[in-house]
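In: sequence first, predicted coordinates after that:
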Amino acid sequence: MIYTLTLNPALDRTFYVERLVQYESIRVHREERYPGGKGIDVSRVIKQLGGESIALGFLGGYTGREMEGRLINEGVVGHFVWIRDETRTNVIVHTREGGEEIRFNCPGPRVSPQELAELMHHCRHLRPKPEFVVISGSVPEGVDPVVYEELILIFESQGARVILDTYGEPLRKGLQATPFMIKPNRTELAGLVGKELSSLEDVVSAGKELHRYVEIVTVSLGPEGLVGITRDGTYHAIPPKVEAVNTVGAGDSTVAGMVLALKRGLDIPEVFRYGAAAGTASTLTPGTATVRPQDFERILAQTTVKRID
């Protein structure tokens, strides 16, 4: 079974407006609401592409109840630990004029030591047994970043391969537990290695520095696709050019495509091709991390993978 873990989920409220005008009331033409947070996004896309997963993490308050109901209606199975504080709400604004996309990400609730201990206990006793676990996103208030290192060790002790998709100190701490795969974007990788990555060669060189920690380093490059670095070779997955209407959750969709390919036993180049195609397909739809299967299949057929050692 694939599990996803989101410690700091959010309800994503997306507003569609004509334009942003300072000091004026802005008329919202349409609002959409999606259960969000990076791991939850991964579970959503796995479901849309015909796979199954179980979403884990924290939920709280009325916002958490709404998220739980929306996930059920999307066919996503979740087993959450309930906390005292309210799950956060993020706001995304799209303008028709100018095509701007503006995001407001809130910090999230505070998690108590008792609530954290309950989650750790739950993760030690997962049924069915975890085969892959995707740990994604930021760490909530009241939780030390070392939690990712501890969680990776817990999942690995159960035989799971862990994919870690975070940044900053949580990523540094998580690397100490040697996860199976990490998926930073170019900016996050640059912050990790402490240098500017202006070229593809720079990205590959920085990714190779991390092989003492992980088996696979995947670096997402936006419209340029992704670079996948393994001990056996380095690959560049290149999707077709598309007219993106939304980029929220594209990186999470990439992770969903890759873990689904791994679960299906596909070879490594195909894993990277699935990731690039899923990430690109998600930019064609409004809303958080949403992939239409027909878009994915069409883009997958046009996505190439080149070995670039």
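Out: Perfect, thanks for sending it.

In: use CA for all of it now, contacts and neighbours both
Out: Fine.

In: looking at this, residue 80 is in a strand?
Out: Yes - under DSSP: H, G, I helix; E, B strand; the rest coil, residue 80 sits within a strand.

In: phi, psi of residue 20?
Out: The phi/psi pair for residue 20 (degrees, to the nearest 10) reads phi -100, psi 120.

In: list the contacts for it?
Out: 26, 95 (CA atoms under 8 Å, 6 or more residues apart in numbering).

In: can we start the residue count at 183 from this point?
Out: Sounds good: first residue 183 from here, last item residue 202.

In: give the buried residues for stretch 468-482.
Out: Within stretch 468-482, the residues that qualify as buried are 468-473, 477-479, 481-482, counting by 16 or more other CA atoms under 10 Å.

In: same check on stretch 208-222?
Out: 215-222.

In: what do you get for stretch 271-280?
Out: Here stretch 271-280 shows 271-277 as buried, counting by 16+ other CA under 10 Å.

In: list of residues touching that stretch?
Out: 192-202, 245, 282-288, 290.

In: show the pLDDT at the nearest residue to residue 432 once chain neighbours are set aside.
Out: Among residues not flanking residue 432 along the chain, residue 461 sits closest, at 4.7 Å (CA to CA, 6 or more residues apart in numbering). Note on residue 461: pLDDT of 97.

In: now do the contacts for residue 461.
Out: 432-436, 439.

In: what pairs with the lowest-mean-pLDDT helix or strand in the chain, parallel or antiparallel?
Out: Ranked by mean pLDDT, DSSP states H and E, the weakest helix or strand in the chain is strand 283-286, scoring a mean of 89. Using DSSP bridges, strand 283-286 pairs in its sheet with strand 270-277 (antiparallel).

In: hey, where'd the strands end up in the chain?
Out: 184-188, 192-199, 210-218, 235-242, 259-265, 270-277, 283-286, 314-318, 343-347, 363-364, 398-402, 408-412, 415-420, 486-489 (DSSP state E).

In: Throw these into CSV and include distance to residue 294, thanks.
Out: What follows is the strands of the chain, written out as CSV (distance: least, CA to CA, whole Å):
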stretch, distance to residue 294
strand 184-188, 16
strand 192-199, 18
strand 210-218, 22
strand 235-242, 11
strand 259-265, 8
strand 270-277, 16
strand 283-286, 25
strand 314-318, 20
strand 343-347, 23
strand 363-364, 28
strand 398-402, 33
strand 408-412, 37
strand 415-420, 42
strand 486-489, 45
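
In: returning to what we had before: neighbouring contacts of the least confident helix or strand of the chain?
Out: For strand 283-286, using CA under 8 Å, 6+ apart, the contacting residues are 272-277, 428.

In: got the residues you listed as a markdown table, with distance to residue 404 and pLDDT columns?
Out: Listed next are these as a markdown table, based on distance: CA to CA, whole Å; pLDDT from 0 to 100:
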| residue | distance to residue 404 | pLDDT |
| --- | --- | --- |
| 272 | 22 | 94 |
| 273 | 22 | 93 |
| 274 | 19 | 89 |
| 275 | 20 | 92 |
| 276 | 19 | 87 |
| 277 | 21 | 91 |
| 428 | 12 | 85 |
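
In: next, format those residues as CSV and append distance to residue 316.
Out: Converted to CSV, the contacts of strand 283-286 look like this (distance: CA to CA, whole Å):
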residue, distance to residue 316
272, 22
273, 24
274, 24
275, 28
276, 29
277, 33
428, 23
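
In: what is the most widely separated pair among these?
Out: Greatest spacing in these, by CA to CA: 272 and 277 (16.7 Å).

In: hey, what's residue 399 bridged with?
Out: residue 364, residue 411.

In: that one: how many residues sit nearby?
Out: 27 (other CA atoms under 10 Å).

In: what does the one 10 residues further on give?
Out: Number of residues near residue 409 (other CA under 10 Å) recorded here: 29.

In: next one: residue 206
Out: Residue 206 has 7 nearby residues by other CA under 10 Å.

In: could you work out the end-to-end span of stretch 375-392 for me?
Out: 9 Å (CA to CA, to the nearest Å).
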